[in-house]
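Peer 1: Okay, structure incoming, though there's no sequence with it:
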């Protein structure tokens, strides 16, 4: 899939930077709640970006990225709650620990491919929330009650609310990680990752250490998703085991497919999509049932399913792929 036009990326980034500054002029549109909602979209985009590096660019299927998200979130929460660690210092710790967990899980996963790897990661997603509830870890993880945190204030006396600062904080992290991923994919290592995805036998014959690249990619992917989890701990100010169940992995996967597999920009679009649907499903269900009088109780997963079928029929390569198709047709008349 071709890269997203740089001019569009620059324009979208400029709008993202300016938007919170319009709050005094447009308080109803640029409210703290909506900034918080956009922050969760940015966090989701980082998590989907991590999954995309593994699945979209390296060809390894994962249904267990909610586990790495939980590792990052609990690393940040425990450091802030038990050790009074600054919120910004939890990001490298979450990244390192998530990378180690992902790398170690990637070692036995080397012998698995396709649906066998999917089942292994599925088991990981199921087991981590139960481990976090284990009674021997309750003093550290808070058990089923989780850990309650406080949202960070803006540093250096900046005249920003907590939600405004968290928005900028998440945006800065996402831009850096997006830039890092783009440069990784342009490098020799990135080309090797994609060669393993497209031509695994040929890549091995050309001397590429497929085992090393697969495990390292698993670790990098887990690190990205762990950073997203650490950001969510600061933004939501609460972590609990049931927040990281298997369905969170499914949402990441849906975001990846809808945005565009093998597209960095698609990761951002996918993160925005799944948060929007997740937050709009209840309102849509109320409208259908109460206002329209239809006997349907729409859950988020019902809406996800219907939209996924429609989008895959209209845009089989995802929203970003569909955008590129429309752009090509427009250019060529």
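Peer 2: Yep, it's here. Note that the structure is predicted; figures quoted are calculated from it, not measured.

Peer 1: List the contacts of the residue lying closest to residue 127 once chain neighbours are set aside.
Peer 2: Using CB to CB, 6 or more residues apart in numbering and skipping the chain neighbours, the partner closest in space to residue 127 is residue 67 (7.6 Å). C-betas here are computed from N, CA, C, even on glycine. By CB atoms under 8 Å, 6 or more residues apart in numbering, residue 67 lies in contact with 101, 121, 124-125, 127-128, 244, 249.

Peer 1: what two of the residues you listed are the furthest from one another?
Peer 2: 101 and 249 (14.8 Å; CB to CB).

Peer 1: Specify which residue of the two has the higher count of neighbours.
Peer 2: Neighbour totals were compared for residue 101 and residue 249, and residue 249 leads with 26 against 22 (other CB atoms under 10 Å).

Peer 1: Would you mind pulling up the elements that whichever strand or helix holds that one packs against?
Peer 2: According to DSSP states H and E, residue 249 maps onto helix 246-259. The helices and strands touching helix 246-259, judged by 3 or more CB pairs under 8 Å, 6 or more residues apart in numbering; DSSP states H and E, are helix 32-55, helix 65-82, helix 115-132, helix 264-286, helix 300-314, helix 318-331.

Peer 1: Please name whichever of the ones you listed is nearest to residue 233.
Peer 2: Taking the helices and strands packed on helix 246-259 one by one with CB to CB, helix 65-82 is closest: 4.2 Å.

Peer 1: outside of the very next helix or strand once past that closest one, which residues touch it?
Peer 2: The helix or strand immediately downstream of helix 65-82 is helix 90-109, counting by DSSP H and E. Contact with helix 90-109 is made by 60, 64, 67-68, 71-73, 75-76, 79-80, 85, 117, 120-121, 124, 173, 214-223, 225-227, 229-231, 233-234, as judged by CB under 8 Å, 6+ apart.

Peer 1: Okay, angle between helix 90-109 and helix 115-132 too, please.
Peer 2: 130 degrees (axes from the mean of the first three to the mean of the last three CA atoms, to 10 degrees).

Peer 1: Looking at the helices and strands packed on helix 246-259, which is nearest to residue 194?
Peer 2: helix 32-55 (10.6 Å).

Peer 1: and the direction of the closest one versus that of helix 264-286, what angle?
Peer 2: Interaxial angle, helix 32-55 versus helix 264-286 (the same axes, to 10 degrees): 130 degrees.
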